[in-house]
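Engineer: Mind folding the following:
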Amino acid sequence: MIKWCSYCQRFMHEVEPFGLYVISHGICDDCVPKGIEFGEAQRQAADDLGRFFQTLQKMARAGSRDDRRRILAESRRLGIRPMDLLMGMLQPLLREIGDLWAQGAVTVGCEHRFSDLVRELIDHFRPYRRMQDGQTPALDLLLLPARDNTHNLGLQMAESFFASTGLAVLTLLRGIPTMDLIELLEVHRPRAVGFSVALPDQLAQVGRVAEAIQHLRFPPQHILLGGVAARTASAAALPPGVRICRDTHELRELQGLLEHKV
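Structural biologist: Model (predicted):
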C-alpha cells in the first residue's frame, strides 16, 4: 500500500501489504507538529490524488506512451513534486506491471511501452548530469546491475532519488566483470555499492564482490541489493553483510546512513 500525507500531499513510504497498489493516507513527521485539522480541502486533495493514480494505473495497464505531457501537466496542477511522482506513483506501478506480466495478464509490449514512458519522465526530471567516464569525484554511492542483468530502470529510479537528496551517485547501466568492478571501487572509493539483481543466479557476483572488497584499503561500508531476486531471496541465499532495499522506506533509511556518513 502506498502512503501519502493527508495534509501536505507528499509521498511518505510504502506499507504492508506491499503487493496492494492503492494509495492510502496518513500524516508525515513534518505535519504532525503543525496540528493541522483535516478538512474539506484536504479531503478534496486526497480524492484528486487517488483519481490521478488510478489514471496512471490505467495508462500502465494499457501500455500508454503518448501521455507524458498530460502526466506532467496534471502532476503540476495537483502540486505533486517530481520525486514524489517518480517514487510514490510510477515506481509502484512499474512493479505492478511486472507482476501482471509474470502472471500473463499484460503483454511484454505493454510492459516495455510503460517502461519507456517512465524512462522519459526520469530523464525529464533528472536534476543533475550523470558523471562522465574519467571523472573521479568522492562518491557516496555506486549503482550497477549485477552481471547478466539487463534491467536498469529501477537503478535509474534509485539514482534519481539519491541524487535529488544531494548524494554523489555514479550509475552504470550495464554489468561489468567482478575484477573490473573492484578496480572501479578502488578508484572512486564509494561509501556504498548497490546491485540490482533480477534472477537468483545473479547473486553470485554480489558474493564475490563482498569477499573481494575485504582486501581493499577503502572498502565500501555498505553493500546493497535491490531488484526482483532481492525481494524474493531467502536470508540463507544472501552473502554476509548485504543489505536488501525492498521498498522506499528502506531507501530512505539508507539515505540517512549516507548523509550522516555512518
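
Engineer: Going by C-alpha atoms from here, please, whenever you check contacts or count neighbours.
Structural biologist: Fine.

Engineer: Can you show me the strands along the stretch 51-200 of the chain?
Structural biologist: Applying DSSP state E, counting those that start in this stretch to the stretch 51-200 of the chain gives strands spanning 141-145, 169-171, 192-196.

Engineer: Let me have these in JSON lines, extended by distance to P219.
Structural biologist: Output for the strands of the stretch 51-200 of the chain, formatted as JSON lines (distance: least, C-alpha to C-alpha, whole Å):
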{"stretch": "strand 141-145", "distance to P219": "12"}
{"stretch": "strand 169-171", "distance to P219": "16"}
{"stretch": "strand 192-196", "distance to P219": "9"}
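
Engineer: Which one of these lies nearest to A62?
Structural biologist: strand 192-196 (26.6 Å; C-alpha to C-alpha).

Engineer: one step back: go through the strands of the stretch 51-200 of the chain and name the closest to L257.
Structural biologist: strand 192-196 (10.0 Å).

Engineer: what's the angle between the next helix or strand after that closest one and strand 192-196?
Structural biologist: Following strand 192-196 in sequence order, the next helix or strand is helix 203-212 (DSSP states H and E). With axes from the mean of the first three to the mean of the last three C-alpha atoms, to 10 degrees applied, the angle from helix 203-212 to strand 192-196 works out at 170 degrees.

Engineer: returning to that earlier point: turn the strands of the stretch 51-200 of the chain into CSV, columns for distance to S234, mean pLDDT and mean neighbour count.
Structural biologist: Below are the strands of the stretch 51-200 of the chain laid out as CSV (distance: least, C-alpha to C-alpha, whole Å; pLDDT from 0 to 100; neighbours: other C-alpha atoms under 10 Å):
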stretch, distance to S234, mean pLDDT, mean neighbour count
strand 141-145, 20, 94, 24
strand 169-171, 26, 91, 22
strand 192-196, 16, 94, 25
